[in-house]
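> Sequence plus the predicted model coming up.
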Amino acid sequence: MFFGLHVWKTGWWNSSGNDCVEKPCKNSHHSAKRELKRLLRKVGAFIDNQAIYPRGNVFLDKVVAAHVSKALNVAQSIIALIDAGFSEEAFGVSRTMVEIALNLRYITNRNSEQRAQRFVHYIARWKMELMRRGLKHFYRTDENGNWVLDAKGEKIPNYTKADFRNMLDKKRYANYAKTARKYPKRTTCGPPAQCGLQPCP
């Protein structure tokens, strides 16, 4: 969260300095970039030295660890894009940091274990949905880009369910399918008790 807001406030994404009339403004961007790199290295080293092992039967531990790990990776990718001269793309990616911060804030605010479990169910449901859409929208094409039709004149799917299952090991696919069924088909499932959450005090 801090990383994305700091980039926005300082205008660091404009690495060319076109919005800066005076030279010291551009230099401030470079100093901000060095400071962010230093903070990122410090945070990464701190987390690595903690030797954190999430509890196997606690959803909250795994979800928080995954979000923090993702945030560090995204921050490193933003710095890499800036260094490579892709400043506007880096600014777009920085919005992911805000999304991660909002997810963590919501999950850890209250009913943390229930919300973390619901998040895991949602991710599994979304992965299965991506497979379903792959079966529905990806069809075989010839070398000219035209659809390949069967004897009935219908388009031939490019993938089958077995293909998607083979892309993952059997245990992981079975886990996704089992977990996805626990997420409600409708996002608004009624009273909190029906959603697996406790009502607000």
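That came through fine.

> dump the residue contacts of the nearest residue to Lys182 once chain neighbours are set aside.
Computed as CB to CB, 6 or more residues apart in numbering, the closest residue to Lys182 that is not its neighbour in sequence is His121, at 4.7 Å. Every residue, glycine included, has its C-beta placed from N, CA and C. By CB atoms under 8 Å, 6 or more residues apart in numbering, the residues touching His121 are 179-180, 182-183.

> which of these count as buried?
179-180, 183 (16 or more other CB atoms under 10 Å).

> ok, the residue nearest to Lys182 to Lys178 distance?
Distance, His121 to Lys178, by CB to CB, to the nearest Å: 10 Å.

> List just the nearest of the buried ones among the contacts of His121 to Arg105.
Ranked by distance to Arg105 (CB to CB), the buried ones among the contacts of His121 are led by Tyr183 at 21.1 Å.

> Would you agree that closest one is in contact with Gln117?
No. Tyr183 lies out of contact with Gln117 (CB atoms under 8 Å); the separation is 9.9 Å.

> would CSV of the buried ones among the contacts of His121 with secondary structure be doable?
What follows is the buried ones among the contacts of His121, written out as CSV (DSSP: H, G, I helix; E, B strand; the rest coil):
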residue, secondary structure
Thr179, helix
Ala180, helix
Tyr183, coil
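
> got CSV for those residues, with distance to Leu81 too?
Listed next are the buried ones among the contacts of His121 as CSV, based on distance: CB to CB, whole Å:
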residue, distance to Leu81
Thr179, 33
Ala180, 33
Tyr183, 33
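
> Alright, calling it a day.
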